[in-house]
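Colleague: quick one, what's the 3D model for this:
(one chain, ligands or ions: 2)
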Amino acid sequence: AMLTPPAKPLAGCQMTITAGPTREAIDPVRYISNYSSGKMGYALAQAAAKLGAQVSLISGPVHLATPAGCQRIDVSSTQQMYDAALRLAPKSDIFIACAAVADYRVAAVAEQKIKKSDEQMRLTLVRNPDIVAAVANLADKPFVVGFAAETQDVACYAKDKMQRKHLDMIAANDVSQPDSGFNVDDNALHVFWADGEQLLPRADKYQLAEQLMQLITTRYQHETN
Ligand code: CTP
Ligand code: CA
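Modeller: Ligands and ions are numbered 1, 2, ... in the order given. Sure, this is the predicted structure:
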């Protein structure tokens with residue numbers, strides 16, 4: 001019997017995906033970060049490669065194997081992720097911001113290990129640049145997909161983020177329940193675009209990534225044809 005070759009709807013498509021947490025140094029031995037595992041971004045990269053995309057995976061520090069066929073760029077700080085993203089985005093057709101980016105960094109990173117002294121200490125933090133918003137503001141911008149992790153008014157906050165950052169799509173994640181979203185294997189997503197929405201019910205992150213990548217592919221083809 002003849003085997004049907006797998007459909008490659010993303011053949012010739014350059015895709016950049018950010019994944020995992022970023023880390024902000026406090027001193028040479030300490031940092032601020034979050035619980036992101038990177039699983040969703042890596043699953044999306046794998047799903048995209050399976051559909052024929054050329055995937056660049058800009059990854060914060062995670063404990064995951066590089067998906068087959070993806071080019072991985074390792075970064076640590078938000079600034080490093082920003083630099084890699086803004087270098088790759090102009091050559092990309094699709095940009096997916098899946099990383100859990102640290103919103104703030106330490107204003108003045110100590111050159112030496114900080115010694116403890118008083119009962120209280122203060123760290124001054126400054127806002128980091130918004131990577132996905134910067135990509136979406138490029139003159140020749142790719143099709144841009146963001147994520148939104150929310151604990152309340154999920155749909156409302158997500159749609160607001162999509163509009164403010166000029167995203168083409170946003171995948172909202174309700175992280176109010178302890179067993180969804182961050183650092184877990186199961187997840188559900190509510191996806192929005194300018195004139196539509198779709199609920200992707202709870203599934204393991206790989207199945208969910210395949211469904212989301214299908215949806216991204218459909219919307220991308222719709223907007224570019
Ligand atoms: N994001 C980004 N760069 C940042 C912060 C966020 O690219 N400095 C991206 C994330 O990768 C995600 C989207 O923006 O795709 C939304 O991230 P989220 O943390 O939910 O939103 P924020 O805009 O940071 O707002 P807040 O944390 O205040 O809800
Ligand atoms: Ca944030």
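Colleague: in the sheet, who's paired with residue 30?
Modeller: Judged by DSSP bridges, the bridge partners of residue 30 are residue 27.
Colleague: what does the helix-or-strand element of the chain with minimal mean pLDDT contact?
Modeller: Using mean pLDDT, DSSP states H and E, the weakest-scoring helix or strand in the chain turns out to be strand 186-193, at a mean of 90. With contact meaning C-beta atoms under 8 Å, 6 or more residues apart in numbering, strand 186-193 is reached by 40, 154-155, 158-159, 162, 168-174, 179-181, 197-205, 208, 212, 215, 219. In this view, the C-beta of every residue, glycine as well, is placed from N, C-alpha and C.
Colleague: cutoff 6 Å now
Modeller: With C-beta atoms under 6 Å, 6 or more residues apart in numbering as the contact definition, strand 186-193 has outside contacts at 158-159, 162, 169-172, 180, 198-202, 204-205, 208, 215, 219.
Colleague: then the next helix or strand after that strand to CSV, C-alphas only?
Modeller: Moving toward the C-terminus from strand 186-193, the first helix or strand encountered (DSSP states H and E) is strand 196-204. Listed in CSV are the C-alpha atoms of strand 196-204, where the atom choice follows Å, rounded to 0.1, in the frame of the first residue of the first chain:
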residue,chain,number,x,y,z
GLY,A,196,-12.8,35.2,16.4
GLU,A,197,-12.0,32.9,19.2
GLN,A,198,-11.6,29.2,20.0
LEU,A,199,-11.5,27.1,23.2
LEU,A,200,-8.8,24.4,23.2
PRO,A,201,-10.0,22.1,26.0
ARG,A,202,-7.6,20.6,28.6
ALA,A,203,-5.1,18.2,27.1
ASP,A,204,-1.5,17.3,27.6
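Colleague: touching, residue 102 and residue 78? I think so.
Modeller: Yes: here residue 102 reaches residue 78: they are 5.3 Å apart, a contact under C-beta atoms under 6 Å.
Colleague: which of the contacts of strand 186-193 count as buried?
Modeller: 158-159, 162, 169-172, 180, 198, 200, 205, 208, 215, 219 (16 or more other C-beta atoms under 10 Å).
Colleague: of those, which are in range of ligand 1?
Modeller: The overlap between the buried ones among the contacts of strand 186-193 and the neighbours of ligand 1 (C-beta under 6 Å from any ligand atom) is empty.
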